[in-house]
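A.B. asks: Mind folding the following:
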Amino acid sequence: MAISLNIIFASPSSHNHTTSCIRFLSSSTALRSQSPSPVLALFCSSIFAPGSAFVVAGYYRRPALILVADMDSGAGPSLFPLHRCKTIHLVRHGQGIHNVDGEKNYKSYLKPEYFDAELTPLGWQQVDNLRKHVRACGLYKKIDLVITSPLLRTMQTAVGVFGGEGYTDRLDVVPLMVANAADSGRAAISSLDSPPIIALELCREHLGVHPCDKRRNISDYQFLFPAIDFSLVESNEDILWKANVRETKEEVAARGLQFLNW
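C.D. replies: You can find the predicted model right below:
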């Protein structure tokens, strides 16, 4: 299966909303094509870009082929059937409270007070701007699935961008996010007309040492984000993050490939 990756930044301080489209095969070979590929979308954190969020959109239902260049073997390009392709939009989370200090002094990421860092007011503004952007360009209607890292800032970004319009207190519809979640001062976000959102550990930020990359118990998140599906997270407690051991780049890369094959 071929996978097309579109990288989008909710926090555009050093990037535009949309940068280059990078295409990959599940075997990690790269693709190039002038033709639009089917759409897959997903919300995550940092195995592709620091603190990513991903979005999964559906397939274009028309026959087509795309040009595949195998960059691992150096072989020439070949045709790849479009119906076997998916497009993944990688979305970076908005500015977190840890980013403000961390961009000035990297050692600030070690501060305990940044545990599972939430969005700043600017981060929420970036989320609101991206929400307007994906609706204005029509991308919102093409999204079939949103996958998010189970971290506060990435889930805030995911529900803020792809949540439904106007929450109404209905007993038969739980909100994506409750009002004032994590003291955000934000109104509740509706799950009505929103694509399903799934939390997945494979998409987590670079694991270990930095408190900002350690998650809360899933039971805490389930209260804050009732309509997010946490069923694929195996442990309530964060057993992946280690206080004294940081993931190697090789381990992060292996986790990224495992995620692409998910």
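A.B. asks: In the stretch 101-250 of the chain, where is pLDDT below threshold?
C.D. replies: For the stretch 101-250 of the chain, residues meeting the criterion pLDDT under 70 lie at 166-170.
A.B. asks: quick one, strands of it?
C.D. replies: Remark: strands of the stretch 101-250 of the chain, listed N- to C-terminal, are 143-148, 197-199; assignment by DSSP state E, counting those that start in this stretch.
A.B. asks: any idea how far the closest residue in space to Ala187 that isn't next to it in sequence is from Leu224?
C.D. replies: Taking Cβ to Cβ, 6 or more residues apart in numbering, and ignoring the residues beside it in sequence, Ala187 has Ala179 as its nearest neighbour in space, at 5.7 Å. No exception for glycine: its C-beta is placed from N, CA and C like everyone else's. Relative to Leu224, Ala179 is positioned 10 Å away (Cβ to Cβ, to the nearest Å).
A.B. asks: Among the two, which residue is more densely surrounded?
C.D. replies: Ranked by neighbour count (other Cβ atoms under 10 Å), Ala179 and Leu224 place Leu224 first, with 20 against 13.
A.B. asks: what about the residue lying closest to that one once chain neighbours are set aside, how many neighbours?
C.D. replies: On the basis of Cβ to Cβ, 6+ apart, the spatially nearest residue to Leu224 that is not a chain neighbour turns out to be Ala181, at 4.3 Å. Ala181 is flanked by 22 other residues according to other Cβ under 10 Å.
A.B. asks: so Ala181 touches Pro226, yeah?
C.D. replies: No. Because the distance of 10.1 Å does not satisfy Cβ atoms under 8 Å, Ala181 is recorded as not touching Pro226.
A.B. asks: Tell me who's in contact with Phe225.
C.D. replies: The contact partners of Phe225, taken as Cβ atoms under 8 Å, 6 or more residues apart in numbering, are 155, 159, 176-178, 181.
A.B. asks: Got phi/psi on it?
C.D. replies: Phe225 has phi and psi values of phi -130, psi 70 when expressed as degrees, to the nearest 10.
A.B. asks: From the contacts of Phe225, which land in helices?
C.D. replies: Counting by DSSP state H, the part of these found in helices is 155, 159.
A.B. asks: want to throw the contacts of Phe225 into JSON lines with distance to Glu250?
C.D. replies: JSON lines is the format used below for those (distance: Cβ to Cβ, whole Å):
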{"residue": "Met155", "distance to Glu250": "28"}
{"residue": "Val159", "distance to Glu250": "33"}
{"residue": "Leu176", "distance to Glu250": "35"}
{"residue": "Met177", "distance to Glu250": "35"}
{"residue": "Val178", "distance to Glu250": "39"}
{"residue": "Ala181", "distance to Glu250": "36"}
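A.B. asks: Max pairwise distance over the contacts of Phe225: which two?
C.D. replies: Checking the contacts of Phe225 against each other with Cβ to Cβ, the farthest-apart pair comes out as Met155 and Val178, at 12.0 Å.
A.B. asks: what's the overlap in contacts for the two?
C.D. replies: 224-225.
A.B. asks: higher neighbour count, those two?
C.D. replies: Comparing Met155 with Val178 by other Cβ under 10 Å, the one with more neighbours is Met155, at 29 against 18.
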